[in-house]
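Trainee: generate coordinates for the sequence data below:
(one chain, ligands or ions: 1)
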Amino acid sequence: MKITDVLQSDKITLSMEVFPPKTTTAVEKVNEAVREIAALKPDFMSVTYGAAGGKNSKYTIQIAQDIKDSYGVNSIAHLTCLSSTRETVENQIGLMRDAGIENILALRGDIPKEADFPLPDQFHYAAELVREIKRLAPDMCIGGACYPEGHPEASSKAEDILHIKEKVDAGCEFLTTQMFFDNSIFYNYLYRLREAGILVPIIAGIMPITRKNQVARSIQLSGSCVPARFKSIVDWFGDEPAKMKQAGIAYATDQIIDLIANGVKHIHVYTMNDPEVAAGIQNNLSEIIG
Ligand code: FAD
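Mentor: Predicted coordinates:
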């Protein structure tokens, strides 16, 4: 099923992200986590695409296919373009289409640090990838990423929003946000997107921080601000893993309830492949989302 069809109903949606194994030894563990998260029957699950040109990309496709065909949950495969040749990107789109994948989250990917970058023949921005998917797989439903605090490379939020608009005009049918920990930043961003004429569904990306060492890494990757209230939680519970996990799930739940109470209908949880975190959030919301 196309993600746009899932998002069209009046219902509040709760979707979950998983990532593929980075090594062959991790395959079993990841498959087990995916199976357990799929058993919660989220509205859909997304599967990330490894950095460095989709190393191990076969797992992204395999997992997205399993979620859909073996577990009966809608899925979306991520695809990045910056670290791959056009030929590789074209092949990946073909493989995804052949695997019966109906949804792709079209991403640029982060700029690699390797010396042999940029490649002589590559896409530079996600909007170009969106056009390429439309050309090769016109029936594919395409999503993209957006950044409530601005993409870290953008010179201003206004410029970043102009580029988001280009992505949507190219055929991107919905957007999932980078993680954020302060809902007021999201509400302000949503207003600015709508004001810029970006009317596609926006899915709020929520990352439950359940380990102390996740904080610095998440901020480094996303550039997101961490509110004082959240810093106090990490200061107080950070060295006690079980308490930190529960506090992180509670903080994310609180954020989601506030979003729903303010009319936001679509929530995407970055599960970090932890079924306990995914189940914790879902149980807390079971009466709210029905
Ligand atoms: P773009 O939309 O291309 O934007 C990148 C930057 O270029 C922005 O600063 C934008 O303002 C600017 N820009 C865009 N168009 C132009 C233009 N025409 N001229 C000048 N500047 C322009 N990474 C992975 O490796 N694998 C994943 O699976 C993955 N999943 C993600 C899922 C979500 C929901 C999010 C939010 C991010 C994800 N990422 C993933 C990270 C993502 O690849 C990086 O954030 C990357 O740096 C930007 O990707 P993008 O698709 O947003 O790029």
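
Trainee: could you dump stretch 276-290 to PDB, C-alpha only?
Mentor: Extracted in PDB, the C-alpha atoms of stretch 276-290 (Å, rounded to 0.1, in the frame of the first residue of the first chain):
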ATOM      1  CA  GLU A 276      11.100  -2.600  24.100                       C
ATOM      2  CA  VAL A 277      11.200   1.100  23.300                       C
ATOM      3  CA  ALA A 278       8.700   0.700  20.400                       C
ATOM      4  CA  ALA A 279       6.300  -1.300  22.600                       C
ATOM      5  CA  GLY A 280       6.700   1.100  25.500                       C
ATOM      6  CA  ILE A 281       5.600   4.100  23.300                       C
ATOM      7  CA  GLN A 282       2.800   2.100  21.600                       C
ATOM      8  CA  ASN A 283       1.400   0.800  24.900                       C
ATOM      9  CA  ASN A 284       1.400   4.300  26.400                       C
ATOM     10  CA  LEU A 285      -0.600   5.600  23.400                       C
ATOM     11  CA  SER A 286      -2.900   2.600  22.900                       C
ATOM     12  CA  GLU A 287      -6.000   4.400  24.300                       C
ATOM     13  CA  ILE A 288      -5.200   7.600  22.500                       C
ATOM     14  CA  ILE A 289      -4.600   6.300  19.000                       C
ATOM     15  CA  GLY A 290      -7.100   3.400  19.300                       C
END
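
Trainee: what is the burial count for Met1?
Mentor: Per other Cβ atoms under 10 Å, the neighbour tally for Met1 reads 14. Every C-beta, even on glycine, is put in place using the N, C-alpha and C of the backbone.

Trainee: give me phi/psi at the closest residue to it other than its chain neighbours?
Mentor: Excluding the flanking residues, the one nearest Met1 by Cβ to Cβ, 6 or more residues apart in numbering is Asn74, at 5.0 Å. When read as degrees, to the nearest 10, the backbone of Asn74 gives phi -60, psi 150.

Trainee: same check, this time on Asn262
Mentor: phi -110, psi 20.

Trainee: show me what contacts the residue nearest to Met1?
Mentor: 1, 3, 6, 43-45, 67-68, 103 (Cβ atoms under 8 Å, 6 or more residues apart in numbering).

Trainee: what pLDDT is listed against it?
Mentor: Listed pLDDT for Asn74 reads 98.

Trainee: rewinding a little: redo the contacts of Asn74 as JSON lines? Include secondary structure and distance to Ala126.
Mentor: Listed next are these as JSON lines, based on DSSP: H, G, I helix; E, B strand; the rest coil; distance: Cβ to Cβ, whole Å:
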{"residue": "Met1", "secondary structure": "coil", "distance to Ala126": "23"}
{"residue": "Ile3", "secondary structure": "helix", "distance to Ala126": "16"}
{"residue": "Val6", "secondary structure": "helix", "distance to Ala126": "21"}
{"residue": "Asp43", "secondary structure": "coil", "distance to Ala126": "23"}
{"residue": "Phe44", "secondary structure": "coil", "distance to Ala126": "20"}
{"residue": "Met45", "secondary structure": "strand", "distance to Ala126": "21"}
{"residue": "Ile67", "secondary structure": "helix", "distance to Ala126": "23"}
{"residue": "Lys68", "secondary structure": "helix", "distance to Ala126": "23"}
{"residue": "Asn103", "secondary structure": "strand", "distance to Ala126": "15"}
